[in-house]
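Student: missing the sequence, but the structure's below:
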């Protein structure tokens, strides 16, 4: 180093680690306040004879308690690309992981990664973590120097490691084909639902966007940057890529300055992916294609697998995933063994036959183009003159929905932090005030508007099963966005009573079944034309709380008039509230009344309210 360089370095800011203060610490993290010296400007003078040689500044940072030294590497981030066909790169797959991350209260899509153990080589750490998280056995191809993920917040560092996976190994073949389970996950990873996820290398950016749309996941920035680099590489494949690597680095300096170093490395790797020395030959593999389900960009309708623990209660990860979705859009989709695909098919078939029967419970809606049957309680299902086999299937579906309702209410209590009484909401529903509505929408044409008009539900929970015909939309982020259909899943949304109980922390979202002529829809027109060309069958389950419970959860109120608490919130009983929302009792219900929040959200004019039946 030259003397001029040494002179310049002496004028740079520097940290005085002897003055470091520990603000707080946990098992894994420590918050520190650093002191660093800033040299004064040249020719700086003072009027109070104070020292002008330097100025002391403060900076807070987070440090991993596992960090061995100031310059030691904390973690490895692993890039492994599986090659299905050595002559066809379009079939390559990238090994990712999906897991719930409490700091962002959501499931994330990430590259496999993990901490380096004391005195462990980064390459060995990468091989170990890759096997623990995915089950595959990999071999190191390249280890890049350390990069800093968020240097304004933490001194955490990681190095990117490329692995190859030998698919002639029996273990790798069985893991790939899900013939054996991965036994390497620790309890925390199991609780957070960590699973391997294979994504296409070609079209990775679109695949990530699709996952965000369908499942509401959040994407690790390094993986997103890798996808961006691959997208740029794909776009330039026929136009030449001279100077592209420099251009990408300049681009990344503007859009991801904090994570610049590791991101640029990922993108440079992405651009040169065809040169990777990753000889991975997958035996009997299946390429995972992006979903073709219709969904709007930026819409959060996540799909949640309802995992239960050993006590048959939902796991913490499940509870947080459910509550997170209800905070964001008020909608989600769930999969649970309680509502198996076989039972769903039987229930839809029974609903279709019931609506074709001569039962007096089947009526035509006074405004919407549909017929329906409202069955209040399991007893009302039994009391019909319909074939006993149909009744049996509907009763079985009804009972399964009640069990699922209890699991969801448990999830919501835990997700809201009510861990001392996770059955708080379950106990408010022990009267089983619920109903199922069987619905059939006849075919329409290009001039068909809403098949079910805009409304929000007024109870606590709604579970909707439909036959896959499109058109369901929710009013999210100021737009009518399509709720995607996923086989074996059931749509869940909440009503205004539960929203009121949580002071609108959870959203009772307006929704509808749209047609080609519906106003404001962002669903593709061809998708709506396809949907309206056929009948649509669905079963809606409505859960209401016990009748004498207050809508403000502040005592009971059996009076008929509307009352409010000191904050202006309704203190009507549930029974009176439902009467007000629905415009009456039973067959005398005249329409839907909207809360002030819903009116402002949709911009409904007062003189249109009477024209919008539920």
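Tutor: Noted; the coordinates are in hand. It should be emphasised that the depicted structure is a prediction, and the values quoted were computed from it without experimental measurement. Numbering: from 1, shown residues only.
Student: am I right that residue 212 is in a helix?
Tutor: Yes - assessed by DSSP: H, G, I helix; E, B strand; the rest coil, residue 212 belongs to a helix.
Student: gap between it and residue 181?
Tutor: 28 Å (Cβ to Cβ, to the nearest Å). Every residue, glycine included, has its C-beta placed from N, CA and C.
Student: please identify which of these two sits among more neighbours.
Tutor: More crowded of residue 212 and residue 181, by other Cβ atoms under 10 Å: residue 212, with 19 against 10.
Student: residues in contact with the residue nearest to the more buried one when sequence neighbours are not counted?
Tutor: Excluding its sequence neighbours, the residue lying closest to residue 212 (Cβ to Cβ, 6 or more residues apart in numbering) is residue 219, at 6.7 Å. Residue 219 is in contact with 108-110, 208, 211-212, counting by Cβ atoms under 8 Å, 6 or more residues apart in numbering.
Student: give me the phi and psi for residue 219.
Tutor: phi -110, psi 130 (degrees, to the nearest 10).
Student: equivalent analysis for the one 4 residues further on, please.
Tutor: Backbone geometry at residue 223, expressed as degrees, to the nearest 10, gives phi -70, psi -40.
Student: got the contact list for the nearest residue to it once chain neighbours are set aside?
Tutor: Of all residues not flanking residue 223 in the chain, residue 111 sits nearest, at 5.3 Å (Cβ to Cβ, 6+ apart). Residue 111 makes contacts with 77-79, 94-97, 220, 222-223, 226, as judged by Cβ under 8 Å, 6+ apart.
Student: among those residues, which lie within helices?
Tutor: 222-223, 226 (DSSP state H).
Student: what's the pLDDT at the closest residue to residue 91 other than its chain neighbours?
Tutor: Using Cβ to Cβ, 6+ apart and skipping the chain neighbours, the partner closest in space to residue 91 is residue 84 (3.9 Å). Residue 84 is assigned a predicted lDDT (pLDDT) of 71.
Student: what about residue 207, helix or strand, and which?
Tutor: helix 204-215 (DSSP states H and E).
Student: in that helix, what counts as buried?
Tutor: For helix 204-215, the neighbour count (16 or more other Cβ atoms under 10 Å) marks 204-205, 207-215 as buried.
Student: output the contacting helices and strands for it.
Tutor: strand 106-110, strand 195-200, strand 218-219, helix 221-235 (3 or more Cβ pairs under 8 Å, 6 or more residues apart in numbering; DSSP states H and E).
Student: quick check, central residue of this structure?
Tutor: For the chain, the residue nearest the mean C-alpha position is residue 216 (2.8 Å; Cα atoms, centre = their mean).
Student: pull the number of nearby residues for the residue lying closest to that one once chain neighbours are set aside.
Tutor: Spatial nearest neighbour of residue 216, excluding adjacent residues (Cβ to Cβ, 6+ apart): residue 302 at 3.3 Å. If you count neighbours by other Cβ under 10 Å, residue 302 ends up with 24.
Student: what pLDDT does residue 302 get?
Tutor: 86.
Student: how about residue 567?
Tutor: Residue-level pLDDT assigned to residue 567 equals 42.
Student: same check, this time on the one 10 residues further on
Tutor: Here the pLDDT value assigned to residue 577 is 59.
Student: same check, this time on residue 441
Tutor: Listed pLDDT for residue 441 reads 94.
Student: mind listing what it touches?
Tutor: Counting by Cβ under 8 Å, 6+ apart, residue 441 touches 369-370, 451-452, 469, 471, 513, 535-536.
Student: so which of those are in strands?
Tutor: Of these, the ones assigned to strands by DSSP state E are 452, 513, 536.
Student: got those residues as a markdown table, with distance to residue 325, pLDDT and neighbour count columns?
Tutor: Formatted as a markdown table, the ones in strands among the contacts of residue 441 follow (distance: Cβ to Cβ, whole Å; pLDDT from 0 to 100; neighbours: other Cβ atoms under 10 Å):
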| residue | distance to residue 325 | pLDDT | neighbour count |
| --- | --- | --- | --- |
| 452 | 22 | 89 | 26 |
| 513 | 21 | 94 | 25 |
| 536 | 24 | 95 | 23 |
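Student: how about residue 186: what's its closest non-neighbour residue?
Tutor: Residue 186 sits nearest to residue 132 (Cβ to Cβ, 6+ apart), 7.8 Å away.
Student: helix or strand: which one has that neighbour?
Tutor: Per DSSP H and E, residue 132 falls inside helix 122-134.
Student: helices and strands around that helix, which ones?
Tutor: So helix 122-134, by 3+ Cβ pairs under 8 Å, 6+ apart, packs with strand 75-82, strand 93-101, strand 113-115, strand 138-148, strand 157-165.
Student: so how far is the longest one off the chain centroid?
Tutor: What it means is strand 138-148. Here the centre of strand 138-148 is set off from its chain's centre by 30 Å, with Cα atoms, centre = their mean, to the nearest Å.
Student: then the shortest one?
Tutor: In this view, strand 113-115 has its centroid 23 Å away from the chain centroid, taken as Cα atoms, centre = their mean.
Student: ok, and what's touching that strand?
Tutor: Counting by Cβ under 8 Å, 6+ apart, 64, 66, 74-78, 125, 128-129, 132-133, 158 sit against strand 113-115.
Student: re earlier: mind putting the ones in strands among the contacts of residue 441 into CSV with distance to residue 486?
Tutor: Formatted as CSV, the ones in strands among the contacts of residue 441 follow (distance: Cβ to Cβ, whole Å):
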residue, distance to residue 486
452, 20
513, 17
536, 16
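Student: quick check, nearest of the residues you listed to residue 172?
Tutor: Of all those, residue 172 sits closest to residue 536, with 44.7 Å by Cβ to Cβ.
Student: count of neighbours near residue 549?
Tutor: Residues near residue 549, counting by other Cβ under 10 Å, number 23.
Student: before we move on, back to that, list the buried ones in the helix holding residue 132?
Tutor: Buried-residue list, helix 122-134, by 16+ other Cβ under 10 Å: 122-123, 125-134.
Student: stretch 428-445 now?
Tutor: Buried residues in stretch 428-445 (16+ other Cβ under 10 Å): 428-429, 433-441, 444.
Student: do stretch 349-367 as well
Tutor: Neighbour-count burial for stretch 349-367 flags 350-355, 357, 359, 361-362, 365 (criterion: 16+ other Cβ under 10 Å).
Student: hmm, who's touching that stretch?
Tutor: Counting by Cβ under 8 Å, 6+ apart, residues outside stretch 349-367 touching it are 370-375, 380, 384-387, 389-391, 393-394, 397, 438-440, 453, 537-539, 611, 613.
Student: rewinding a little: save the buried residues of stretch 349-367 as CSV, and put in secondary structure, distance to residue 25 and pLDDT too.
Tutor: Below are the buried residues of stretch 349-367 laid out as CSV (DSSP: H, G, I helix; E, B strand; the rest coil; distance: Cβ to Cβ, whole Å; pLDDT from 0 to 100):
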residue, secondary structure, distance to residue 25, pLDDT
350, helix, 59, 95
351, helix, 58, 95
352, helix, 61, 95
353, helix, 64, 94
354, helix, 62, 94
355, helix, 63, 93
357, coil, 68, 91
359, coil, 67, 88
361, coil, 64, 89
362, strand, 66, 90
365, coil, 62, 80
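Student: out of the residues you listed, which is nearest to residue 19?
Tutor: Distances from residue 19 to those, taken by Cβ to Cβ, are shortest for residue 351, at 71.4 Å.
Student: which one is that closest one nearest to, not counting chain neighbours?
Tutor: Per Cβ to Cβ, 6+ apart, closest to residue 351 is residue 438, 4.3 Å.
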